[in-house]
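Enquirer: coords below, sequence missing:
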Ligand SMILES: N[C@@H](CCC(=O)N[C@@H](CS)C(=O)NCC(=O)O)C(=O)O
């Protein structure tokens with residue numbers, strides 16, 4: 001396993017904290033975002049999203065979401081348990097994870113990207129996703145994504 005890491009990023013940090021709590025050491029490679037190392041063709045071949053963290057498995061499989069990485073490791077090494085033992089504990093972990101991401105982290109990141117680091121203004125994306133009900137099944141739950149457009153943030157240079 002190899003962890004592509006970004007010292008300054010909160011998502012990579014989340015994985016580092018998680019691994020430290022588990023007492024697991026994973027070989028890692030630092031990627032320097034300020035030098036654009038996460039946007040090189042080589043890195044985009046590993047993660048086309050250009051984001052960190054990335055966990056590369058020994059067979060070349062990559063996981064590119066911090067929580068997915070933590071959950072994968074949790075399944076491999078369940079102790080000490082960090083995702084909850086019973087349904088209620090698991091739901092609470094999930095609840096706080098979602099709150100931290102959506103209510104706290106997302107607004108902070110947007111502010112940071114728009115006001116602190118000008119390099120992000122052109123790649124600051126607001127997604128517009130149109131969902132349509134699945135015509136074949138008639139289900140409103142089984143939605144199909146009609147379109148996904150990444151737009152520069154309002155006021156950003158195009
Ligand atoms: N949802 C992803 C988000 C990953 C993400 O946005 N990482 C940031 C660092 S915290 C990044 O790599 N930014 C680099 C860039 O936007 O160029 C996760 O949790 O892993």
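Expert: Alright, I've got the coordinates. Everything numeric here is computed off the predicted structure, so don't read it as measured data.

Enquirer: Now do the domain split for this structure, please.
Expert: Taking automatic domain parsing as the domain assignment, the ranges for the chain are 2-76, 84-120, 124-158.

Enquirer: For the chain, which residues score under the pLDDT cut-off?
Expert: Applying pLDDT under 70 to the chain picks out residues 121-158.

Enquirer: which residue is nearest the centroid of it?
Expert: Centroid-nearest residue in the chain, with CA atoms, centre = their mean: residue 65, separated by 3.7 Å.

Enquirer: State the distance from it to the ligand.
Expert: 5 Å (CB to the nearest ligand atom, to the nearest Å). The C-beta positions use only the backbone N, C-alpha and C, and glycine is treated the same way.

Enquirer: quick one: that residue from residue 31, how far?
Expert: 16 Å (CB to CB, to the nearest Å).

Enquirer: Grab the nearest non-local neighbour of the residue in the chain that the ligand sits nearest to.
Expert: Proximity of the chain to the ligand (CB to the nearest ligand atom) peaks at residue 9, 3.0 Å away. Computed as CB to CB, 6 or more residues apart in numbering, the closest residue to residue 9 that is not its neighbour in sequence is residue 52, at 5.7 Å.

Enquirer: Need the three-state assignment for that neighbour.
Expert: coil (DSSP: H, G, I helix; E, B strand; the rest coil).

Enquirer: ok, it - how many residues close by?
Expert: 24 (other CB atoms under 10 Å).

Enquirer: So which bits of the chain are right by the ligand?
Expert: Selection of the chain residues close to the ligand by CB under 6 Å from any ligand atom yields 6, 9-11, 33, 38, 50-53, 65-66.
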